[in-house]
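[1] this one's sequence-less:
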Ligand SMILES: Nc1nc2c(c(=O)[nH]1)N[C@H]1C(S)=C(S)[C@@H](COP(=O)(O)OP(=O)(O)OC[C@H]3O[C@@H](n4cnc5c(=O)[nH]c(N)nc54)[C@H](O)[C@@H]3O)O[C@H]1N2
Ligand SMILES: Nc1nc2c(c(=O)[nH]1)N[C@H]1C(S)=C(S)[C@@H](COP(=O)(O)OP(=O)(O)OC[C@H]3O[C@@H](n4cnc5c(=O)[nH]c(N)nc54)[C@H](O)[C@@H]3O)O[C@H]1N2
Ligand code: SF4
Ligand code: SF4
Ligand code: SF4
Ligand code: SF4
Ligand code: SF4
Ligand SMILES: [Mo]
């Protein structure tokens, strides 16, 4: 037998011809896997380099199997608490990003109009000089605060240091105002602390879990999906609130196909039921919370019938699901969600989620919110004192009082309006702003206001097409980044280190930041020659010895002692709220003129013939960053627009047809495939975010499927914290004849 | 039918745990250098009913390593054969003519034409089993939905699972006696 | 009224030639099956003529038909070879004999047919004036072979009859052994292909024959075969419709599905019924003998193989 195996392997080593995908056809220059894997089956002889994944921002430990200078497979690092030997499909397919034939491998300087995607190649010397000069000029003319940095990803840390040195507070990631910001605020207002990433959810021990639109299983955050499956395996009762029959809904005991935009009514209905039926944790509420009576009075009107009228969820279902949670409490959890920027009432909706959880008494309990800990890790020492600067420009005085981070959308708006002061340069690191920020028209208009835009990316993403200088970064498998030490149930330090040499002329971010610092007279901010020195200094300063440092390099992780995960019975926890208790009624909100208990207000509903546009994730793609990854594309070549089957029939559409999707402002995308399905309500349509690229350089992704971002020309701003609710666009479908 | 194998490996996929993410498919492809446009493993999703009364089943699927494998019976050259060391069904490239009789025989459509010309399919990572390791798909799966083990060993994880859970096999009408189980 | 259940099935599998429907066999296999059946028919016809001592009455069936067998079979095998994905490994067919695999014993039968059919063909060749006038008879070994074939005429005929039957049945059993494809999974496929092959062989002989007597005989024979074939077709479809959901889905391919028109118009009507009536009319002298009927029979034979192979690949067992 084994000799037969061997025959095949030797053949493959000689290099077989490669096939062309049935679905991808000749549209893709494939052959990637063959080329990438022309070694053979991973064996013990492979060199295994433990590092950290960056296909999304969860940061799992990944083992890169290297043979003859090529990475041939990626597997989960068994030592790493976030991967536990497993990877999500995107992490597994990271080779498609590493060996993407469209990668940026040379610095580029714009020669055509902004947005024309016309560049000439440049040397690093020239590109860095140009960048430093561009930044310097803006800083000289308008002050350093006129430079804004928009970023997403671990490698951003070095550029943040640069911004600190320059003296600009205008640094923002879309993962706040376009993602989980409202949730953080809702929980800070209620529990006095946000949930961070990874969220401190004890899903494996939950006996009941409610998901408010979190589509775990499609949303593939590795650890959380592992926890989810573990919980289900232990018989966890699942409740899924989603207008769409998600994969998670398919596993649920109760699916609540809610009318989109009305979740707050449902949540307040649950709060009311828990109180009316006395299903809440009385002892917990008595000892740990303030404002119960006011809460009870405020939510009394959210009766099951009233909730039904808003949400379309039958009263029996509302009661049954609330009872399910109550029976399992305190080992019951309403998942706070993550991408919660939906309707502009998102911080209040998140607060309502926090309220249900508070009534279930699950804070610090198994199956509730656990107490996370992190590994001690000293900050970088010996840096100069940062220069004085104006406050960030992302919001005006008195606006979005509860925002806990800088708003990426706010920086864009400041760029556009020049208020409170002008922003004249963007440094964009790993964030494809035209498809990330709502209303791409505004993003482009803001870019036109800039004197200088530098994009640091690994691929010719849309944002690069608008840049003056494009700096090609090497991928996560080719570089060091700073150490990572997230809050989690098991504290640890993780190391990103290169498995192979950078492709072409691409360079790690740390090197670029350091080179720019030299040119800007900020050398003092980068006192090390190489990040390993930085790592060493931080580790040594935290008391880790040489042996531990070696272990970190060898295994990719360094674990430390965990604190207690649960609060002892009857202990007094000092909540970070002004009252030191869980605030069911919020004085802070009252003082600021907001509803101290969330109030549901019906959002604008789609008109006749219109559908609310919803979007979400496909398990094999991360936003738009993997839609050029051939390995992942093979598993999910393009997105579809989901339409209720009966509605589709009325429109004369069937699965496989193509349509143009047009919104209320006449923005359109497509042609995109139709999926006519029973799995979605009649009043909305759904598509996976991240498709429909337009950049010429993204040869595989360009023109594939539809771009939801193009249809988000309208958004609802959260008054509390400036999050941008994006599910407020209404679309129509128009069949494209083949 | 096959002579009795020395060991008899099988696979179970837990449809409660599986979320249909395809990590297993991608891991299989890099482990086994499955060429572009082809897969030894895939993910199925079946939804029944009408809004809002819907039922879903999701599972990842591959060659069922049938005990009575029509692909073996119908192979004119013996290229498709039972591997007695593991109780799996294998194809030897050297003997394969690419006549595709095995593909026509397989009720599960588990096989494909490798661009080289031989017929390929899931080997149950026999090369790993022989080293005492588990399969690439099992190793990666974030929900631990896949279990591979010895069916003849009552103490194996697989046997235990099969005893403790409700199971189903696919296309039993085809009489193939699959070694692949779905846990419901 | 209860609403029908809706089933939405999706799969990520997209294997070349397998998804969305099996397409492993294109034109090559139906052509091979047709030619194989045709050769079987020719050999059976020729052997019967020899065994029934009808050499004088049936000059074409005796003299021309056997010479066609090997070249036509060669063409068929050529098509089969073109279908192989691993052509370099073609000889692996003859490194094993696997009883359970019709493909295996078929390939051995083909080898035998090459010898016995070839010998009969050669023997017929030696009787032609072209051969006699050539230098070939001077070759000692050839002459010895010709003598041998001549002496063993009846023995050879018996062998060819038997092998012809096996070959004819094999062209159907090859498909019916694939239980995975309900469209094929019928014991009637062997007889159907045998009869269809025989009828095609006779039609070809009729096309080649210049002797009215022989043609008349062939037409009468063919009438019987066409009738039998029609009956088998109906029984086969009936059997399939009674074979559970999978069978019903399979038969639907020709009862309303995408193969309905080709099957019923091109094969059943044009390739079976029309020639049947044309032949009846010609026997009743209402219609002068033409080449139309045999040509249509041949066409029907080809269409049948294409429908069989194509539609069969689309059928699948459920569960
Ligand atoms: N319409 C719509 N908008 C959304 C969302 C949505 O669902 N729909 N989701 C929102 C959410 S939840 C979030 S968190 C944000 C995400 O927003 P982002 O993370 O900014 O979005 P991506 O599209 O992933 O953009 C990543 C960019 O980084 C580049 N990149 C990838 N790896 C590297 C690297 O190692 N180095 C560098 N320098 N660049 C790299 C990619 O090529 C790509 O251009 O988007 C938000 N915006
Ligand atoms: N595979 C994969 N996984 C990812 C990511 C990725 O890009 N790819 N990104 C990661 C990131 S940064 C984030 S923030 C998370 C995001 O993942 P989630 O927090 O789960 O958020 P969304 O993607 O916005 O969720 C979309 C789901 O919400 C439902 N939905 C839409 N509108 C409503 C509504 O009004 N009410 C209710 N109840 N449901 C609604 C949709 O039908 C869909 O099922 O995923 C993370 N995981
Ligand atoms: S969740 Fe997946 S893509 Fe994200 S870091 Fe982990 S393995 Fe990588
Ligand atoms: S990796 Fe696991 S969860 Fe994902 S599709 Fe495969 S079996 Fe299912
Ligand atoms: S599933 Fe198909 S290929 Fe696998 S053993 Fe069974 S018949 Fe053969
Ligand atoms: S294609 Fe190869 S393995 Fe399949 S039946 Fe033919 S010879 Fe056997
Ligand atoms: S057992 Fe191995 S060959 Fe089979 S599907 Fe899993 S990884 Fe692929
Ligand atoms: Mo996010």
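    Sure, I can see it. What you are looking at is a predicted structure, and each value in this text was computed from that prediction instead of being measured. Ligands and ions are numbered 1, 2, ... in the order given.

[2] Please count neighbours and contacts with C-alpha atoms only from this point.
    Noted.

[3] Just the local confidence number for residue C:136, please.
    pLDDT recorded at residue C:136 is 89.

[4] ok, it - contacts?
    Residues in contact with residue C:136 (C-alpha atoms under 8 Å, 6 or more residues apart in numbering or on different chains) are residue C:142.

[5] Would you quantify the distance from residue A:526 to residue A:242?
    Distance, residue A:526 to residue A:242, using C-alpha to C-alpha, to the nearest Å: 48 Å.

[6] Please apply the same query to residue A:613.
    To residue A:242, residue A:613 is 14 Å away according to C-alpha to C-alpha.

[7] One more: residue A:165?
    Separation of residue A:165 from residue A:242 (C-alpha to C-alpha): 45 Å.

[8] for residue C:174, same thing?
    According to C-alpha to C-alpha, residue C:174 and residue A:242 sit 52 Å apart.

[9] circling back: what about residue A:613 and residue A:242, which has more around it?
    Legend: neighbour count by other C-alpha atoms under 10 Å in any protein chain shown for residue A:613 and residue A:242, higher for residue A:613 (26 against 23).

[10] Am I right that the more buried one is in a helix?
    No. Applying DSSP: H, G, I helix; E, B strand; the rest coil, one finds residue A:613 to be strand, outside a helix.

[11] That one contacts residue A:733, doesn't it?
    No. Contact criterion C-alpha atoms under 8 Å: residue A:613 and residue A:733 do not qualify, at 11.0 Å.

[12] which non-adjacent residue is nearest residue A:408?
    residue A:172 (4.9 Å; C-alpha to C-alpha, 6 or more residues apart in numbering or on different chains).

[13] and the one you found, what is it in contact with?
    Here residue A:172 is in contact with A:149, A:150, A:151, A:405, A:406, A:407, A:408, A:411 (criterion: C-alpha under 8 Å, 6+ apart).

[14] 7 Å - rerun?
    Applying C-alpha atoms under 7 Å, 6 or more residues apart in numbering or on different chains to residue A:172 gives the contacts A:149, A:150, A:151, A:406, A:407, A:408.

[15] repeat for residue A:105
    For residue A:105, the contact set (C-alpha under 7 Å, 6+ apart) comprises A:472, A:503, A:504, A:505, A:506.

[16] where's it, which helix or strand?
    For residue A:105, there is no enclosing helix or strand under DSSP states H and E.

[17] any idea how far residue A:401 is from it?
    For residue A:105 relative to residue A:401 (C-alpha to C-alpha), the value is 43 Å.

[18] Then residue A:64?
    Using C-alpha to C-alpha, residue A:64 is found at 44 Å from residue A:401.

[19] For chain A, give me the ranges with low pLDDT.
    Counting by pLDDT under 70, chain A contains low-confidence ranges at A:1-45.

[20] what's in contact with the biggest helix by length in it?
    Ranked by residue count under DSSP state H, the longest helix found in chain A is helix A:124-142. Identification of contacts with helix A:124-142 by C-alpha under 7 Å, 6+ apart yields A:107, A:109, A:146, A:147, A:424, A:425, A:452, A:454, A:469, A:516, A:519, A:520.

[21] Could you show which parts of chain B are in contact with ligand 7?
    B:28, B:40, B:41, B:62, B:122, B:123, B:124, B:125, B:135, B:136, B:137 (C-alpha under 6 Å from any ligand atom).

[22] Which of the helices or strands spans the fifth one?
    Per DSSP H and E, residue B:122 falls between elements, in no helix or strand.

[23] Equivalent analysis for the first one, please.
    Assigned by DSSP H and E, residue B:28 belongs to helix B:23-32.

[24] Packing partners of that helix?
    Counting contacts by 3 or more C-alpha pairs under 7 Å, 6 or more residues apart in numbering or on different chains; DSSP states H and E, helix B:23-32 packs against strand A:70-76, helix A:89-92, helix B:136-140.

[25] And chain B, is the longest one touching that?
    Yes. Where contact is defined by C-alpha under 7 Å from any C-alpha of the partner chain, part of strand A:70-76 touches chain B, namely A:72, A:73, A:75, A:76.

[26] With residue A:91 as the reference, measure out to the last one.
    In this structure, residue A:76 and residue A:91 are 9 Å apart, going by C-alpha to C-alpha.

[27] Quick one: end-to-end length of stretch A:55-69, please.
    End to end - C-alpha to C-alpha - stretch A:55-69 spans 21 Å.

[28] in that stretch, what's buried?
    Within stretch A:55-69, the residues that qualify as buried are A:55, A:56, A:58, A:59, A:60, A:61, A:62, A:63, A:64, A:65, A:66, A:67, counting by 16 or more other C-alpha atoms under 10 Å in any protein chain shown.

[29] Please convert those residues to a markdown table, extending it with distance to residue A:286 and secondary structure.
    Converted to a markdown table, those look like this (distance: C-alpha to C-alpha, whole Å; DSSP: H, G, I helix; E, B strand; the rest coil):
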| residue | distance to residue A:286 | secondary structure |
| --- | --- | --- |
| A:55 | 45 | coil |
| A:56 | 41 | coil |
| A:58 | 37 | coil |
| A:59 | 39 | coil |
| A:60 | 40 | coil |
| A:61 | 42 | strand |
| A:62 | 46 | strand |
| A:63 | 49 | strand |
| A:64 | 52 | strand |
| A:65 | 55 | strand |
| A:66 | 58 | strand |
| A:67 | 61 | strand |
